[in-house]
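J.: sharing a model that was predicted from the sequence below.
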Amino acid sequence: MIANAAGKLPTVAPQTSESRALRAEGITKHYTTSEGTITAVDSVSLDVAPGEFLAVIGPSGCGKSTLFNIIGGLVDGYEGRVSVAGETVAGPHASIGMVFQEESTFPWRTVVENVAFPLEIARVSRAERLERARHFISLVGLEGFERRYPAELSGGMRQRVAIARTLAFEPKILLMDEPFAALDEQTRLLLGDKVLQIQQQLKQTTLLITHNITEAVQLADRILVMTYRPGRVKRFVKIDLPRPRSSEIVSSEAFGRYVAKIWSDLREEASRGMQDEETCKRQSGGDGA
Amino acid sequence: MAATGGIGRAVSGPALAHPVTLVRIAIVAALLLAWEALSQSGWLFRDVVPSLWKIGGALGDLLSSRDYWWHLGWTGFEVGAALLIGGLSGLLAGLVLGGSRFLGRAFEPFLYYLGPTPKIIFFPVMIMWFGVGPGSKIALGAISCFFPVVLSTAAGIRQIDLVLIRVGRSFRANAWQMALKVYLPAMRHPVINGLRLGLGIAIIGTLLAETKLSSRGIGFMIIQAYATFAMPRMYALLITLFVLAIGANALVGRLGGVGKRA
């Protein structure tokens, strides 16, 4: 069934001379606040091979979202270079599709109108964009909901609409910032399966930002563990679990070993983050804000 | 027991017989009855509270006179022009003030102070600038309409969910597409509400100006009826105005209801 659907798809990741679909080199970003300059991300470099699924994991405050916005071209004023297939990225790039952490569907558009949005922006004819939108809606399993408004759907369904919308942009690289953060654990696991299925089917190069270890191990080929403020590369971990994977893998022994390994890396960083936050709160008079 | 059974039937009956509807009808009927009783009692001076039949007759005369429709046309034109001018300039100014933090902070205090000021105090100035004809009425209506529209538009821009803007940018929408497909739909509720308030206030401003100094319009007719002590005619005019205001409000509400599911 999956193979059949894949046959109809437009090619997503054509071969290029560059062996890296996405490359970030020495990304550094400072923010100026009233209390001085904060380094959010410090000389982070990463490579993603075509068709690879890379997860970036780190504690809150490690600059994951900053990295996401820099690679997506939504933030400038950083040092370093982001390139897609060797071409330097400045501003939102046609090869990069972003899925956001927050609720991001347009509430005034129906599901099909939401998914067709990027095609509308690209001035695709109405008939064609509706047809293509329908295809991606069925890919995320939302057939029958085309005419509904986001307010009539559950949080998990809305996030699937957002994913379908980004897929309809037909990006070579899918960039996701904690897309399941607002969902409950069960939905998160099942939606993870769905994303994995689609990613394998489209051979989609994917970069996922997350703070959830289970999610990272469940989905990724490789995991980049980041340090707490300033966000640096701590380690890359290759996940040698068989594919196709599903959420059932969560209970396997090998899975548990990977989770333990990454947690031992992450624990140090997360506790540093927690202490830092407590100090901050104490200094600000413990107003609990 | 019999009474309880009657209420039960009313509840399960068609929508027209819903208890709330029945109470509303009863309220209107009671008011009309009290009015009629007061007018028949003779306690008040002749025609201060005219009989319902007299008002009905005056209403009939009014609606069948060409004069009335001519005056109504002028008032409608003045209110429409006031809404167009005040609404558009309010929308544009609101976009600028909402889009720029600096300009917003610089100008909005003045708008908040001027907003609740009765605009009729500017009428003498408007007469000097735009003459005694429809121009000064339109100007007063437009000024009245401007304030709620500019304030709600500026507030509307600020409450747009920022992630929606990032979504639009990530799909490489140009400035024009961002404005039409992201900003405007995202702020349609506050803008429509502002226009609705603006319409109400434009009607007030225009009619108030017509009652002060003019030779046409419904406001002028009302004052003329009052001056000649044609009370049934004056009440009939008030009734038509009441109906028109409700209709205009419903129309703007309908426009805003296009995407009301969201």
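T.: It's in. Numbers count the residues shown, from 1 in each chain, chains lettered A, B, ... in the order given.

J.: how many neighbours does the residue of the stretch 1-150 of chain B found nearest chain A have?
T.: Ranked by C-beta to the nearest C-beta, the top residue of the stretch 1-150 of chain B for proximity to chain A is B:Arg101, at 16.3 Å. (Glycine included, C-beta is placed from N, CA and C.) A count of nearby residues for B:Arg101, using other C-beta atoms under 10 Å in any protein chain shown, gives 10.

J.: please apply the same query to B:Val191.
T.: Other residues lying near B:Val191 total 22 when counted by other C-beta under 10 Å.

J.: residues in contact with it?
T.: Contact criterion C-beta atoms under 8 Å, 6 or more residues apart in numbering or on different chains gives B:Leu91, B:Gly94, B:Val149, B:Ser152, B:Thr153, B:Gly156, B:Leu184 as the residues in contact with B:Val191.

J.: surely it is within a helix?
T.: Yes. Assessed by DSSP: H, G, I helix; E, B strand; the rest coil, B:Val191 belongs to a helix.

J.: model confidence for it, exactly?
T.: B:Val191 is assigned 88 on the pLDDT scale.

J.: residues from the stretch 1-150 of chain A in reach of chain B?
T.: Neighbours of chain B within the stretch 1-150 of chain A, by C-beta under 8 Å from any C-beta of the partner chain: A:69, A:72-74, A:92, A:94, A:96-98, A:100, A:102-104, A:106-109, A:117-118, A:120-122, A:149-150.

J.: quick check: B:Gly211 touching B:Ile222?
T.: Heads up, residue B:211 is Thr, not Gly. Yes. Using C-beta atoms under 8 Å as the test, B:Thr211 is close enough to B:Ile222 to be in contact (6.5 Å).

J.: neighbour count for these two, which is higher?
T.: When B:Thr211 is set against B:Ile222 and neighbours are counted by other C-beta under 10 Å, the residue ahead is B:Ile222, at 20 against 17.

J.: what's the closest non-adjacent residue to that one?
T.: Take B:Ile222 and drop its neighbours on the chain: the residue closest to it by C-beta to C-beta, 6 or more residues apart in numbering or on different chains is B:Leu237, 5.0 Å away.

J.: who are the packing partners of the helix or strand encompassing the one you found?
T.: Mapping B:Leu237 onto the secondary structure by DSSP states H and E places it in helix B:231-256. In this structure, helix B:231-256 makes packing contacts with helix B:52-63, helix B:66-99, helix B:188-212, helix B:218-227, judged by 3 or more C-beta pairs under 8 Å, 6 or more residues apart in numbering or on different chains; DSSP states H and E.

J.: domain-wise, how is chain A divided?
T.: What the record gives for chain A is the domain set A:25-95+A:171-238, A:103-170, from automatic domain parsing.

J.: still on that earlier bit, just name the most buried of the helices and strands packed on helix B:231-256.
T.: Greatest average neighbour count among these goes to helix B:188-212 (a mean of 23), per mean count of other C-beta atoms under 10 Å in any protein chain shown.

J.: could you list every residue that touches the residue nearest to B:Ala245 when sequence neighbours are not counted?
T.: If you skip the residues right next to it in sequence, B:Ala245 has B:Ile203 as its closest partner in space, 6.0 Å away by C-beta to C-beta, 6+ apart. Neighbour list for B:Ile203: B:Val79, B:Gly141, B:Ala245, B:Ala248 [criterion: C-beta under 8 Å, 6+ apart].

J.: mind checking how far B:Ile203 is from B:Phe123?
T.: Distance from B:Ile203 to B:Phe123, counting by C-beta to C-beta, to the nearest Å: 15 Å.

J.: repeat that for A:His30.
T.: Here A:His30 is placed at a distance of 57 Å from B:Phe123 (C-beta to C-beta).
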